[in-house]
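Enquirer: Predicted structure and sequence below. I'll ask about it afterward.
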Amino acid sequence: MYFYKFFRNDIMLFTIIIPVYNRAKVVQQTLDTVVAQTHRPLQVVLVDNASTDDSLQVLEQFRKQHDATDFQVVVAQEPHHTAGAARNRGLECATGEWLMFFDSDDEMEPGLVEAYAQLAEEREGNLDLISARSLLVFPDGTSREAPFFKRDIFANQILHSQLATQRYAVRREFFLATDGWNIDLPGWNDWELAMRLLLARPRIAFMDCPPLIRINHNGGDSITGTEFHTRAGQWERAVDIVQKEVRCSNLRDKRRYHRLIDYRRLVLAAQYHREGHPELAKPLAQNAFSSLRETYGNNVRWKWFVAPVTRWMFRRIVAGKRGSARIARRLF
């Protein structure tokens, strides 16, 4: 089967775009999983984002070792120091029909790109975006599957960031029509981008197989990071932008999505509080709570049911308990 496919000239070209900033010690592990992909042809675009370590040299060495006709490796540089700018720079170099954006400290199973390609081929060109399952790996070695839903995708993106950077493939033509990454948004830029992609109404499919992506939450060295208070203000800006995008959209139930976005503000406030920064948590929580109350008109349902449950969920998050987002999806 693979021998036959190798000699076909109509196999979809996928481009994997990976921004790199000071990842000389860890990026090779990610690159090894890219080389191991069973799908060919493949284009890999590596963008050094003004690294001050040996990252650029590692990327150039990788290009020298692996660049081939069916595995094209491009190394580019982007001086504007945000992941969004680096990804847009990679986009300029991309020639694939399909795009994958990946982080420099995560890993993909060998069959990931092939699974995307097979599903895209089965749908005969009637797809714009494919959502995939992923595994979250933590510093203590434990792991769990990231939330993955096939329905209510707007709500689940708002609450769970289902379309995080590594977790989808997107048709390049469709992606180019959505203005790309916001280069001035350092925090939750993938969350904001995914909302814009969804608002553009993609033809979407869900790759319902075991997780083929490993997202490493390995402490302070992780791109994802472990703290919120150190980047206070960045997250709020992303939330404000998404709320404005929803307000200007033609979504039917805008009120519900605004409530879910306000709940995301409450989650962020709870994280600030959990990290020992009530001075950041209090005004954010008050604003979110006030906005929620307004959408209910301060009616009986709000006073006697929604408000008490919302306060209870806030306390759960502060205490480090999980599961509140699923409740919020139904509550609001």
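Expert: Happy to help now that I have it.
Enquirer: and the gap between the residue sitting nearest the centre point of the chain and Ala200?
Expert: Taking C-alpha atoms, centre = their mean, the centroid of the chain lies closest to Ala164, which sits 1.4 Å from it. Separation of Ala164 from Ala200 (C-beta to C-beta, to the nearest Å) stands at 18 Å. Every C-beta, even on glycine, is put in place using the N, C-alpha and C of the backbone.
Enquirer: Same check on Ala232?
Expert: Taken as C-beta to C-beta, the span from Ala232 to Ala200 is 30 Å.
Enquirer: what do you get for Val309?
Expert: Val309 is 33 Å from Ala200, by C-beta to C-beta.
Enquirer: repeat for Glu279
Expert: On the measure of C-beta to C-beta, Glu279 and Ala200 end up 38 Å apart.
Enquirer: Neighbour count: those two, which is higher?
Expert: Ala200 (15 against 11; other C-beta atoms under 10 Å).
Enquirer: State the number of residues packed around Lys64.
Expert: By other C-beta under 10 Å, neighbour count at Lys64 equals 10.
Enquirer: residue ranges with poor pLDDT in the protein?
Expert: 1-10, 218-226 (pLDDT under 70).
Enquirer: same thing but at 80, please
Expert: 1-11, 217-226 (pLDDT under 80).
Enquirer: In it, what residue spans correspond to strands?
Expert: Assigned by DSSP state E, the strands in the chain fall at 14-20, 42-48, 71-77, 98-101, 107-108, 129-132, 135-137, 143-145, 168-171, 204-207, 213-216.
Enquirer: Could I get the ones you listed in CSV, plus columns for distance to Arg315 and mean neighbour count?
Expert: Shown next, in CSV, are those (distance: least, C-beta to C-beta, whole Å; neighbours: other C-beta atoms under 10 Å):
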stretch, distance to Arg315, mean neighbour count
strand 14-20, 38, 26
strand 42-48, 42, 25
strand 71-77, 47, 18
strand 98-101, 36, 25
strand 107-108, 36, 22
strand 129-132, 32, 24
strand 135-137, 24, 18
strand 143-145, 23, 12
strand 168-171, 33, 25
strand 204-207, 33, 18
strand 213-216, 28, 21
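Enquirer: picking that back up, Val267 versus the residue nearest to the centre of the chain, what's the distance?
Expert: Ala164 is 16 Å from Val267, by C-beta to C-beta.
Enquirer: show me where the chain has helices.
Expert: Under the criterion DSSP state H, the chain contains helices at 2-6, 27-35, 55-66, 83-93, 112-122, 153-160, 172-176, 189-199, 234-247, 254-274, 278-296, 300-301, 307-318, 324-331.
Enquirer: can you put those in a markdown table and add distance to Phe102?
Expert: Below are the helices of the chain laid out as a markdown table (distance: least, C-beta to C-beta, whole Å):
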| stretch | distance to Phe102 |
| --- | --- |
| helix 2-6 | 23 |
| helix 27-35 | 7 |
| helix 55-66 | 14 |
| helix 83-93 | 10 |
| helix 112-122 | 10 |
| helix 153-160 | 19 |
| helix 172-176 | 15 |
| helix 189-199 | 11 |
| helix 234-247 | 20 |
| helix 254-274 | 25 |
| helix 278-296 | 31 |
| helix 300-301 | 44 |
| helix 307-318 | 29 |
| helix 324-331 | 25 |
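Enquirer: what's the closest of those to Asp106?
Expert: The closest of the helices of the chain to Asp106 is helix 27-35. By C-beta to C-beta, the value is 6.2 Å.
Enquirer: Residues contacting that closest one, please?
Expert: Residues outside helix 27-35 that contact it (C-beta atoms under 8 Å, 6 or more residues apart in numbering): 16, 18, 20, 42, 44, 46, 55, 58-59, 62, 66, 71, 102-110.
Enquirer: No more questions from me, cheers.
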